[in-house]
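Enquirer: Here is my input; please provide its structure:
(2 chains)
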2 protein chains.
Amino acid sequence: MHVETLAWVGGRPGFVRLIEQTLLPREEREVEIRTVDEMVDAIYRLAVRGAPAIGVAAAYGLLLGLQDQEFEDGADFLGRARESAARLGSARPTAVNLFWALDRMVARAERDQAAGKTSDELLAGLFEEAKNIHSEDAHQCRRMGEVGADLLRDGMSLLTHCNAGALATGGMGTALAPMYVAHERGLSLKVFADETRPLLQGARLTTWELQRAGIDVTLICDNAAATAMQQGKIDAVFVGSDRIARNGDVCNKIGTYGVAVLARQHGIPFYVVAPLSTFDPDIRSGKDIPIEERSPEEVTLGFGTRTAPEGVSVWNPAFDVTPADMVAGIVTEVGLIERPNLARVEEALRKGGRLPEAPTGT
Amino acid sequence: MHVETLAWVGGRPGFVRLIEQTLLPREEREVEIRTVDEMVDAIYRLAVRGAPAIGVAAAYGLLLGLQDQEFEDGADFLGRARESAARLGSARPTAVNLFWALDRMVARAERDQAAGKTSDELLAGLFEEAKNIHSEDAHQCRRMGEVGADLLRDGMSLLTHCNAGALATGGMGTALAPMYVAHERGLSLKVFADETRPLLQGARLTTWELQRAGIDVTLICDNAAATAMQQGKIDAVFVGSDRIARNGDVCNKIGTYGVAVLARQHGIPFYVVAPLSTFDPDIRSGKDIPIEERSPEEVTLGFGTRTAPEGVSVWNPAFDVTPADMVAGIVTEVGLIERPNLARVEEALRKGGRLPEAPTGT
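Expert: Coordinates of the predicted model:
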């Protein structure tokens, strides 16, 4: 029902087919990616984007560099796998999921090589690992969708920001997954999509994928969200996240924090949907999350037209941090973390195996 | 120091010179307006915009249609004045100031005609009236600037939304007037300008006029205002208004209400700057102000490039209403209305002659 952002086509050897997101919404085109260089380029120029989708793309990208090569032995295979991983990692050096997926792939090859497997067996192992990364992502998306859909009732009207949908994952998305599952369950929903300046992921991508799925979606300028809430048009907010601190503070696309403040003012629950892989247990609170500042041209020349005077100062933070106490709940693949705080986040992370079990006893 | 949006050039006959705002910020060009039709066109296509500036432009526009004509008598003059006023009024039928200025001009001609003046004397009277409308506007802007500047201290950092500056008035603006006066007084200020989607008046116009005046201005996406406040970058908010209800509820460009909510959340004072002519004593509260919804294309094709899928639903309200209890003060030409409410607004309106004096005594 939702779009499929990327897929491995064929067996071994095969190739990756992905939706060319830079052309959306003006043109719907799929491209075939057959080499590591093509995948590096696709990730770099945001043809594929969204943390989970980038992880899947990178894992498949590693296969592309290895599948039709000859290797002297396992050590040779491993060396070339590491080399390809380094090239893929350079495509977006700040993307956590990119490195997580590549590390997992290389670790698998290392384990298999240490176990004395042949080059062909090493490749088979990586093929399995990449497929697992993809299917686990899709499975997690569906689980989040089911957990989140339990929060929805027929006729509700939701607001989302940026694009945390199928286009951003190897499955049905994060923030949009509850909408897809609720739609499957026959619930009628109305979704308002913030256009999400400066890069307009809401306008370009969220409206496109929801429209294709037959979900009622209305585009608004970010500026209109407050008035939508004031007029009673919004029952709940669902957003994704790029990183969540151990105390539940949520880093996400710029504008998310403002939406959270507005939601609180109007008594509207603000939900975050993110897999446990988004949590960073090493970061105690949002204060420790560095906020990337991006190019002024995203604001002043965003659509090929100059919209501000030459030489004007621009402040263009790419992300913001919403304090945990403004979050009604974080929807994860292991369940809902209600009113998140340090203890509740740690409990969920333990449940999902991302933290060791707490010592028992007194 | 600030730009001059429009001016009457020469005596009688003369013409209007105005900044062609549709070309800003890419091109700085002034155009000469010599006929009623040219003025209707300039107002219609937003070459001149902003409620006070439109009023001045319309008053001058009426002169353009009368100054080089022959008239049989005063009645003939009056008939043609009314005809020109009707054409000018059709340029933006929802602009209150347009009709206010035209009504004032026609009323002057009616008074003078009733007093038996000649056509030439009637024209002289209208010339004086138009000049008065312009100079009163400029004077009110300066008074608001002085009242507002008294709220500012050296080193403060301000946020503004949309363009309520010199470009929108016949003087130094409304929301930006306190900044110009404070700058004259030698105060160092930092101004953040919301770009103000969908029409980007902040990006295109506010940054342009503040930059020209040598005031430190930084452009942000509307989405970044919340984070600017969270990081302590904003000391006060100054915005203009399109209409203010008798109870102090403020109608202004879409996004203003959201900024007010954010300001309250962060303990930042939210000021509105508007002349008494912006108040509508017949409107009891903001609930009674109709909100214009504008074309979807402003959102989906705003930059000349399609930024959302064909056929997507769009909700594009042009204005919003900020409740009076979120407003720290309204700066007017008769002083500051602190924490506005019905009684305080009525007091200011009486002071400015917009309401009759209250009955005295018990």
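Enquirer: Just say helix, strand or coil for residue A:244.
Expert: State at residue A:244, reduced to three classes by DSSP: H, G, I helix; E, B strand; the rest coil: strand.
Enquirer: in the sheet, who's paired with it?
Expert: Counting by DSSP bridges, residue A:244 is bridged to residue A:250, residue A:279.
Enquirer: Now do it against residue B:176, distance only.
Expert: 40 Å (CB to CB, to the nearest Å). Quick note: C-beta positions are derived from backbone N, CA and C, even for glycine.
Enquirer: Tell me the buried residues in the helix or strand that contains residue A:349?
Expert: Assigned by DSSP states H and E, residue A:349 falls within helix A:342-351. Under the neighbour-count criterion of 16 or more other CB atoms under 10 Å in any protein chain shown, helix A:342-351 has A:344-346, A:348-349, A:351 buried.
Enquirer: returning to that earlier point: so residue A:244 and residue B:176 - more neighbours on which side?
Expert: residue B:176 (35 against 30; other CB atoms under 10 Å in any protein chain shown).
Enquirer: can you count the residues close to the nearest residue to that one once chain neighbours are set aside?
Expert: Nearest residue to residue B:176 in three dimensions, chain neighbours excluded: residue B:165, at 3.7 Å (CB to CB, 6 or more residues apart in numbering or on different chains). Close neighbours of residue B:165, defined as other CB under 10 Å, add up to 32.
Enquirer: Excluding chain neighbours, give the residue nearest to the residue in the stretch 1-150 of chain A that chain B sits nearest to in space.
Expert: The nearest approach of the stretch 1-150 of chain A to chain B comes at residue A:25, 4.0 Å away (CB to the nearest CB). Of all residues not flanking residue A:25 in the chain, residue B:309 sits nearest, at 4.0 Å (CB to CB, 6+ apart).
Enquirer: That neighbour contacts residue A:207, correct?
Expert: Yes. Counting by CB atoms under 8 Å, residue B:309 does reach residue A:207; the two are 5.7 Å apart.
Enquirer: Can you check which residues contact both of these two?
Expert: Common neighbours of residue B:309 and residue A:207 (criterion: CB atoms under 8 Å, 6 or more residues apart in numbering or on different chains): residue A:25.
Enquirer: what about those two, which has more around it?
Expert: Comparing residue B:309 with residue A:207 by other CB under 10 Å, the one with more neighbours is residue A:207, at 30 against 22.
Enquirer: for chain A, what are the low-confidence residue spans?
Expert: A:359-362 (pLDDT under 70).
Enquirer: In terms of residue numbering, what are the domains of it?
Expert: A:6-142, A:146-351 (automatic domain parsing).
Enquirer: and among these, the most buried is which?
Expert: Of all these, domain A:146-351 carries the top mean neighbour count, a mean of 22, counting by mean count of other CB atoms under 10 Å in any protein chain shown.
Enquirer: Tell me the one of the buried residues of helix A:342-351 nearest chain B?
Expert: Checking the buried residues of helix A:342-351 one by one against chain B (CB to the nearest CB), the nearest turns out to be residue A:345, at 21.2 Å.
Enquirer: need the longest helix for chain A.
Expert: Of all segments of type helix in chain A, defined using DSSP state H, the longest is helix A:119-149.
Enquirer: what's downstream of it, the next helix or strand?
Expert: Once the chain leaves helix A:119-149, the next helix or strand it forms, by DSSP H and E, is strand A:157-160.
Enquirer: residues touching the residue in the stretch 51-200 of chain A that chain B sits nearest to, list them.
Expert: Nearest to chain B, among the residues of the stretch 51-200 of chain A, is residue A:197, at 4.3 Å (CB to the nearest CB). Shown in contact with residue A:197 (CB under 8 Å, 6+ apart): A:222, A:255, A:299, A:302, B:195, B:197, B:221-223.
Enquirer: and the two most separated of those?
Expert: Greatest spatial distance in these: A:255 and A:302, 14.5 Å, computed using CB to CB.
Enquirer: quick one: residue A:196 and residue B:221 touch, right?
Expert: No. Judged on CB under 8 Å, residue A:196 makes no contact with residue B:221 at a distance of 9.3 Å.
Enquirer: anything in contact with each of the two?
Expert: A:222, A:255.
Enquirer: coming back round to it: would you convert the contacts of residue A:197 into JSON lines that also reports secondary structure?
Expert: Formatted as JSON lines, the contacts of residue A:197 follow (three-state DSSP):
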{"residue": "A:222", "secondary structure": "helix"}
{"residue": "A:255", "secondary structure": "coil"}
{"residue": "A:299", "secondary structure": "helix"}
{"residue": "A:302", "secondary structure": "coil"}
{"residue": "B:195", "secondary structure": "coil"}
{"residue": "B:197", "secondary structure": "coil"}
{"residue": "B:221", "secondary structure": "coil"}
{"residue": "B:222", "secondary structure": "helix"}
{"residue": "B:223", "secondary structure": "helix"}
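Enquirer: Doesn't residue A:192 lie inside a strand?
Expert: Yes. Secondary structure of residue A:192 (three-state DSSP): part of a strand.
Enquirer: for it, what are its contacts?
Expert: Contacts for residue A:192 (CB under 8 Å, 6+ apart) come out as A:157-160, A:217-220, A:225, A:228, A:233-234, B:315.
Enquirer: Apply 10 Å and report the result again.
Expert: A:157-161, A:202, A:206, A:216-220, A:224-225, A:228-229, A:233-234, A:237, B:313, B:315 (CB atoms under 10 Å, 6 or more residues apart in numbering or on different chains).
Enquirer: Need the nearest residue in space to it, chain neighbours excluded.
Expert: residue A:159 (4.7 Å).
Enquirer: before we move on, back to that, pretty sure the residue of the stretch 1-150 of chain A closest to chain B contacts residue B:312?
Expert: Yes. Residue A:25 is in contact with residue B:312 according to CB atoms under 10 Å; the separation is 8.1 Å.
Enquirer: Now list whatever residues contact both of those two.
Expert: A:203, A:207-208, A:211, B:300.
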